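**Student:** What follows is a predicted structure for the sequence shown.
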Amino acid sequence: MLKHILENVRTKAPIIHNITNYVTVNDCANILLACGASPVMSDDIAEAAEITSICQALNINIGTLNAETRKAMFAAGKKANSCNLPIVLDPVAAGASKIRTETARALLQRVKFTAVKGNISEVKAIAMGTNTTKGVDADLADAITDNNLDKAIVFAKDLASKTGAVIAITGAIDLAADAERVYIMRNGHPMMSRVTGTGCMLSAITAAYLAANPERPLDAVAAAVMAMGLCGERAHARLSKCDGNATYRNYMIDEMYHLDGDTLESGAKYEIR
Amino acid sequence: MLKHILENVRTKAPIIHNITNYVTVNDCANILLACGASPVMSDDIAEAAEITSICQALNINIGTLNAETRKAMFAAGKKANSCNLPIVLDPVAAGASKIRTETARALLQRVKFTAVKGNISEVKAIAMGTNTTKGVDADLADAITDNNLDKAIVFAKDLASKTGAVIAITGAIDLAADAERVYIMRNGHPMMSRVTGTGCMLSAITAAYLAANPERPLDAVAAAVMAMGLCGERAHARLSKCDGNATYRNYMIDEMYHLDGDTLESGAKYEIR
Amino acid sequence: MLKHILENVRTKAPIIHNITNYVTVNDCANILLACGASPVMSDDIAEAAEITSICQALNINIGTLNAETRKAMFAAGKKANSCNLPIVLDPVAAGASKIRTETARALLQRVKFTAVKGNISEVKAIAMGTNTTKGVDADLADAITDNNLDKAIVFAKDLASKTGAVIAITGAIDLAADAERVYIMRNGHPMMSRVTGTGCMLSAITAAYLAANPERPLDAVAAAVMAMGLCGERAHARLSKCDGNATYRNYMIDEMYHLDGDTLESGAKYEIR
């Protein structure tokens, strides 16, 4: 099934509208091209909704939000809803500032998202309004481990039920949950946290996976999470002694470019509960 | 002659003012450095015209335009005209939204451009105001092939005549035309379309080639198009089995860094009509 | 001592708030991760000061300033001062436009900076208000050489005394001075000037080095300058025949990822006067 989901992206080549931050936007564009989709970036209120209407999915990332791009996020989100397009929310550093937490929460209230992807601190911040985010990194005390996994699953399913969105929580263990089912996934490599934008890239390809597989959102989100993690593993295996995080970034995108359905199917490490 | 044009860029080291999108701006800066020029990026209305006045060319790319940067584009364009500097317009995704089409058309009306570079959909949108752009990719039905080449040449020469600008249309076959002559060019590699920003990088170096060769704008634009295409070919030849579009991007810039006049002269594939 | 300074960054893993340009921001984020710090980018007046307050240092880079981000720079700067956080100013292309020179000078007047890092033209512009900057490159006539070194040292120490900030002037020879002492440093490679953002990356890691070594700002700045230069040397040694400035950029960040205290201690080339 993962194989089929990945191949749908390459076959359908969806166009993804990204309202995203300027830090990692180039990597998001290139990994979308790598996975078989096409990127469009536009955050101008004068055109955001119009651009959304010619795309197959919308990816909203609040990484470097400002007053103007916030407007574009709401306008594009409403348009995507009216066009029945999948929408992904990446609430980058929600909890780190009042405006981030509020923007993410307001987006969730006024726009129906297909998926929300964040680390545990970010997802907790939008669920509870707590201000526990330590910059863009997950509050370590809140990381998902085998010890608190059951609790995290309940939290994720509950939030999925309340929002109607698939909730993806990334970390050493990754979760993707709807109200009924949860994927517990163990792909990826710790060095991914030393590359900026691995989370942003995941959000972007999640939008592409959803666009190409609208009938199974949970599976599509899980496939995207494991595709990214697997590329992180495979790229790490390619590193030579002198390579660091810059080369690692390039290799992850390269791996996404070559990733095929069989490789994803055999490399994916998960259980469903 | 191509050799001479390329060498002029390295000798004169022109400073290029870029008002460009935040998606591919880093690649534009690095490829300008690679070809022998120096980049300056500024899109603030408070300084745009002033920055233009200390540069040798201006590159306007509407990829992530907004209300503020639109103002800077017009101000810098007028200043470049009054300073007799070459100006390149890259109407990214013109046709994909009303504001893009209108901005590109308004720029063409109020600013005299030395060259316009786009895919066939973008160039048609600014010529005719049609809304046929499929995101940032060329409408496939409109791609230039050997079958519609004659028609495309007439279109390009006609638009060049009307605007006074060299018209460069990129695709599997690339054209560069003024009112009298057209270059039909066949460099490049299909995989270039899987790297974000190859078009933006081309616009940037086109400005540098024009700055260093003001007496022959058509030839300068054609040289830039073939230099970029040749770097795409040579970078592709360097790829190993695991390399994907991220490494390919880096290798294209690397090839531009090493490209010399003899290599361009012998590798350029073109005819002039 | 350099070893200890570098290791403090890896041990303390400071979070650095960057208000920086969109051209090189991705490289700044990745090199901060490479050196052991964590980046946060935010330039929205609605949150800038709040973000600063959860970080350990602030890096202000005026590379693509605009009316909105200027406000964020002042707000974050004041907050950093009230929190006693180190602040770095990178006055990119100060002297190239009135608004840049004025912004840099106003920042210096209203915010107490721990360090200012620029090329000689930029630093002269903020010291004297002269408009001699040639784009983002140092005015060649003003480069620091062995011939004008003594004069440059007096200038740097004097500016350090007036501003209370460590003054770092980069070029073929790099200087870092407070009112009493000056480091004269000779690391780096000329090809670094063909990569966009080497200066921006240096400013970013300087903020990290200061955050982790608050008791010795001059030594911390000098360590950062030499760390960057040494990575430039080591990355250059890794280049193969076909590699150009794109691969060189990646290798510099890779080298920072692997740089350890012993390597810095033995590779640093400097004298203190």
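**Tutor:** The structure has been received and is ready for your questions. Numbering: from 1, shown residues only, chains lettered A, B, ... in the order given.
**Student:** give me the element the residue nearest in space to the middle of chain A is part of.
**Tutor:** What sits nearest the mean C-alpha location of chain A, by C-alpha atoms, centre = their mean, is residue A:203, with 2.3 Å. Element membership of residue A:203, judged by DSSP states H and E, is helix A:198-212.
**Student:** And residue A:39, by the same measure?
**Tutor:** Using DSSP H and E, residue A:39 sits within strand A:38-41.
**Student:** That strand pairs with which strands?
**Tutor:** strand A:15-19 (parallel) (DSSP bridges).
**Student:** Looking at the partner strand now, give me its mean pLDDT.
**Tutor:** In this model, strand A:15-19 has an average pLDDT of 98.
**Student:** buried stuff in that strand?
**Tutor:** Buried residues in strand A:15-19, defined by neighbour count with 16 or more other C-beta atoms under 10 Å in any protein chain shown: A:15, A:16, A:17, A:18, A:19. In this view, the C-beta of every residue, glycine as well, is placed from N, C-alpha and C.
**Student:** repeat for stretch A:150-165
**Tutor:** Across stretch A:150-165, burial judged by 16+ other C-beta under 10 Å covers A:152, A:153, A:155, A:156, A:157, A:159, A:160, A:163, A:165.
**Student:** Secondary structure and pLDDT for those - can I get that in JSON lines?
**Tutor:** Compiled in JSON lines, the buried residues of stretch A:150-165 are given as follows (DSSP: H, G, I helix; E, B strand; the rest coil; pLDDT from 0 to 100):
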{"residue": "A:152", "secondary structure": "helix", "pLDDT": "94"}
{"residue": "A:153", "secondary structure": "helix", "pLDDT": "96"}
{"residue": "A:155", "secondary structure": "helix", "pLDDT": "95"}
{"residue": "A:156", "secondary structure": "helix", "pLDDT": "97"}
{"residue": "A:157", "secondary structure": "helix", "pLDDT": "97"}
{"residue": "A:159", "secondary structure": "helix", "pLDDT": "97"}
{"residue": "A:160", "secondary structure": "helix", "pLDDT": "98"}
{"residue": "A:163", "secondary structure": "helix", "pLDDT": "96"}
{"residue": "A:165", "secondary structure": "coil", "pLDDT": "98"}
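**Student:** that older thread, quick one: the buried residues of strand A:15-19 as CSV, columns for distance to residue C:223 too.
**Tutor:** CSV is the format used below for the buried residues of strand A:15-19 (distance: C-beta to C-beta, whole Å):
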residue, distance to residue C:223
A:15, 47
A:16, 43
A:17, 44
A:18, 38
A:19, 39
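**Student:** Stretch A:76-96 - what's its average pLDDT?
**Tutor:** Rounded mean pLDDT across stretch A:76-96 is 97.
**Student:** The helix holding residue A:203 and chain C in contact?
**Tutor:** No - using C-beta under 8 Å from any C-beta of the partner chain, helix A:198-212 stays clear of chain C, coming no nearer than 10.5 Å.
**Student:** So which elements touch the helix or strand following that helix?
**Tutor:** Tracing the chain past helix A:198-212, the next element assigned as helix or strand by DSSP H and E is helix A:217-238. Helix A:217-238 sits against helix A:2-12, strand A:115-119, strand A:166-170, strand A:174-177, strand A:182-185, helix A:198-212, helix A:245-258, helix A:261-267, with contacts defined as 3 or more C-beta pairs under 8 Å, 6 or more residues apart in numbering or on different chains; DSSP states H and E.
**Student:** Please identify which of those is closest to chain B.
**Tutor:** With C-beta to the nearest C-beta as the measure, helix A:245-258 is the member of the helices and strands packed on helix A:217-238 nearest chain B (2.8 Å).
**Student:** Report the inter-axis angle for the helix or strand that residue A:29 is a member of versus helix C:25-35.
**Tutor:** Per DSSP H and E, residue A:29 falls inside helix A:25-35. Using axes from the mean of the first three to the mean of the last three C-alpha atoms, to 10 degrees, the inter-axis angle of helix A:25-35 relative to helix C:25-35 is 90 degrees.
**Student:** packing partners for helix A:25-35?
**Tutor:** Going by 3+ C-beta pairs under 8 Å, 6+ apart, helix A:25-35 lies up against helix A:2-12, strand A:15-19, strand A:38-41, helix A:198-212, helix A:245-258, helix B:245-258.
**Student:** Which residues of the stretch 1-150 of chain A lie near chain C?
**Tutor:** Looking at chain C, the residues of the stretch 1-150 of chain A close enough under C-beta under 8 Å from any C-beta are A:21-24, A:26-27, A:63-67, A:93, A:96-100, A:134-137.
**Student:** make it 7 Å
**Tutor:** Contacts of the stretch 1-150 of chain A with chain C, taken as C-beta under 7 Å from any C-beta of the partner chain, map to A:22-24, A:26, A:64-67, A:93, A:96-100, A:135-137.
**Student:** PyMOL command for the buried members of those?
**Tutor:** To isolate the buried members of the residues of the stretch 1-150 of chain A next to chain C in PyMOL, using 16+ other C-beta under 10 Å:
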select buried, chain A and resi 22+23+24+26+64+65+66+93+96+97+99+100+135+136+137
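**Student:** Determine how far whichever helix or strand residue A:59 is part of lies from the middle of the whole chain.
**Tutor:** For residue A:59, the host element (DSSP H and E) is strand A:57-61. Here strand A:57-61 is found 9 Å from its chain centre; the criterion is C-alpha atoms, centre = their mean, to the nearest Å.
**Student:** by contact count, what packs against the next helix or strand after that strand?
**Tutor:** Later in the chain than strand A:57-61, the nearest helix or strand by DSSP H and E is helix A:67-82. On a contact count with 3 or more C-beta pairs under 7 Å, 6 or more residues apart in numbering or on different chains; DSSP states H and E, helix A:67-82 meets strand A:15-19, helix A:48-53, strand A:57-61, helix A:98-110.
**Student:** now what about stretch A:80-93, what contacts it?
**Tutor:** Residues outside stretch A:80-93 that contact it (C-beta atoms under 7 Å, 6 or more residues apart in numbering or on different chains) are A:21, A:52-53, A:55-63, A:77, A:100, A:104, A:107-108, A:111-118, A:122, A:126, A:133, A:135-136, A:199-200, A:203, A:206-207, A:210-211, A:214, A:217, C:40.
**Student:** Just the buried ones from these?
**Tutor:** Among the contacts of stretch A:80-93, the ones that count as buried by 16+ other C-beta under 10 Å are A:21, A:52, A:55-63, A:77, A:100, A:104, A:107-108, A:111, A:113-118, A:122, A:126, A:133, A:135-136, A:199-200, A:203, A:206-207, A:210-211, A:214, A:217, C:40.
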